[in-house]
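Coordinates for the following, if possible.
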Amino acid sequence: MKLLNDRIAKIEPPATIKKFLNLTKENKQFEKIEMCFPNSFGFKRNYFIADTGLISQNNCFGCLCCIEKDDANSFDNNGVPIKANNEYLFENISYNLFKGLFIKVGPNPKKFWLYTASDEKNHTTPILANLLYYLSKNINDIAIRCSPNWEISIDTADKKDPREGHLDLAIVNYKERKLIVGEVKSSIINLLRDIKRDQWARYKSSIEKISSICGYKSIFCYFIGGDEFSLYPPADSDRPKIANDRAVEFFEFIKKDDKIFISLEAIRGLKIQKLSTHPNLSWEDCLFKVFYKSNSNLGLISGGVLTRELKLLRCPW
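Residues are numbered from 1 along each chain as shown. Presented below is the predicted three-dimensional model:
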């Protein structure tokens, strides 16, 4: 099994967000997320060591979680990371990311989208956690809690609903005092399916209150997997036609209560940039530049920043 992430914080139950933020050097312990099983996801049978030469083209979905700078510099025609001088160099893709324009990332983004849309707890969230892990300024300064087994709880009980909340993902940088909390959805379809259970307003106020008490800057957002084209504004002239398009309904929902969202494709795009043209890029800088104390920005996709007027702008890095 390939080790991808060893910064899952151990917390004595109940695992609350306050306990997570108040961990110290003395009481921090960690578990591991391991993803690519031999003969299961990307790696060929009987190999336990990350080596891009051993990645199975049929099984790899191009998430880039296991790729470091010297491992690969491009995608092959199937969207598998390789070392090659071809038209899908990470460097070339990077120059076109986040420019305020529609972009299709790599030769076969649907492979990544289909996988992230297939299982919210076991695929979408762990992939997101691992990508953010490698997008951290210093992995020794961070800790993570996430699905499928390490959700974190938050006290949102009131007279209308006595249940506590459960957060899909939380990543913290203890040195910079920055926290990102994510409600993860495998696709736009699954997000809209859960509208009646939306807890945004209750979660947001509790997260902001607790993080402020503990001395942290925080961002709370939706992370959305699946087909990223669905997350472009419907009026975008380059946006392909999509069967059963739900974009109008999605943007009506996301504009309420100061919601914000980030696509998993955008997070993978940040990883592509870190592997090529932006080696010092981090979630601590990029995501806080776009969203922290900003009421004007609605979302981040691989084409750029979406404003609340559904204008697609170049990202500030």
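
In the stretch 51-200 of the chain, mark out all the strands, start to finish.
Ranges of strands in the stretch 51-200 of the chain, per DSSP state E, counting those that start in this stretch, are 74-75, 81-82, 142-146, 152-154, 165-167, 169-173, 178-185.

Any stretches of the stretch 1-150 of the chain with poor pLDDT?
Within the stretch 1-150 of the chain, the ranges that satisfy pLDDT under 70 run 1-4, 25, 33-57.

Now do the helices in it.
17-21, 90-96, 109-116, 125-134 (DSSP state H, counting those that start in this stretch).

which of these is buried the deepest?
Highest mean neighbour count of the helices of the stretch 1-150 of the chain: helix 125-134, a mean of 24 (counted as mean count of other Cβ atoms under 10 Å). C-beta here means a position set from N, CA and C on the backbone, and glycine is covered the same way.

Other residues contacting that helix?
Residues outside helix 125-134 that contact it (Cβ atoms under 8 Å, 6 or more residues apart in numbering) are 4-5, 7, 33, 35, 63-65, 68, 115-116, 139, 142, 144, 146-148, 168-169, 171, 180, 182, 184, 223, 225, 264, 267-268, 270-271, 274, 283.

what about 7 Å?
By Cβ atoms under 7 Å, 6 or more residues apart in numbering, the residues outside helix 125-134 that reach it are 4-5, 7, 33, 35, 63, 65, 116, 139, 144, 146-147, 168-169, 171, 182, 184, 223, 264, 267-268, 271, 283.

Helices of the stretch 151-300 of the chain, start to end?
188-193, 200-213, 247-254, 264-275, 283-291.

what's the second one in contact with?
Pointing back at helix 200-213 there. Contacts for helix 200-213 (Cβ under 7 Å, 6+ apart): 17-18, 21, 154-156, 165, 179, 181, 218, 220, 257, 259.

one more time with 8 Å
By Cβ under 8 Å, 6+ apart, helix 200-213 touches 17-18, 21, 154-156, 158, 161, 165, 167, 179, 181, 183, 217-218, 220, 257-259.

before we move on, what about the first one?
By Cβ under 8 Å, 6+ apart, the list of residues contacting helix 188-193 from outside reads 117, 120, 185, 222, 224, 226-227, 230-231, 244, 246-247, 249-250, 253.

May I see the PyMOL selection of the buried members of those residues?
Here is the PyMOL command that picks out the buried ones among the contacts of helix 188-193, judged by 16 or more other Cβ atoms under 10 Å:
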select buried, resi 117+120+185+222+224+226+227+230+231+246+247+250+253
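
Return the member of the contacts of helix 188-193 nearest to residue 198.
residue 253 (7.9 Å; Cβ to Cβ).

So what's the residue count around the residue lying closest to that closest one once chain neighbours are set aside?
Closest residue to residue 253 apart from its sequence neighbours, by Cβ to Cβ, 6 or more residues apart in numbering: residue 195 at 6.2 Å. Residues lying near residue 195 (other Cβ atoms under 10 Å) number 10.

Hmm, residue 250 and residue 195 touching each other?
No. Under the criterion of Cβ atoms under 8 Å, residue 195 is not in contact with residue 250, lying 9.9 Å apart.

hmm, back to that, can you list the helices of the stretch 1-150 of the chain in TSV and add distance to residue 78?
Conversion of the helices of the stretch 1-150 of the chain to TSV gives the following (distance: least, Cβ to Cβ, whole Å):
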stretch	distance to residue 78
helix 17-21	39
helix 90-96	15
helix 109-116	7
helix 125-134	18
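
and the gap between residue 91 and residue 206?
42 Å (Cβ to Cβ, to the nearest Å).

Which of the helices of the stretch 151-300 of the chain sits closest to residue 73?
Between those, helix 264-275 lies closest to residue 73; by Cβ to Cβ that is 7.6 Å.

Check the offset of that closest one from the chain's centre.
9 Å (Cα atoms, centre = their mean, to the nearest Å).

neighbouring contacts of that helix?
62-64, 67-69, 72-73, 90, 93-94, 97-98, 105, 109, 112-113, 116, 124, 127-128, 131-132, 134-135, 223-226, 228, 281, 283, 286, 300-302.

Return the set of buried residues in that helix.
264-275.

And for the closest residue to residue 301 other than its chain neighbours, the neighbour number?
With sequence-adjacent residues excluded and distances taken as Cβ to Cβ, 6+ apart, residue 301 is closest to residue 263, at 4.8 Å. By other Cβ under 10 Å, 27 other residues sit near residue 263.

Okay, and the beta partners of residue 263?
residue 224 (DSSP bridges).

so it touches residue 303, yeah?
No. The pair residue 263 / residue 303 is not scored as a contact, 9.5 Å apart, by Cβ under 8 Å.

I'd say residue 22 and residue 214 touch.
Yes. The pair residue 22 and residue 214 qualifies as a contact (Cβ under 8 Å) at a distance of 6.3 Å.

Thanks a lot, see you next time.
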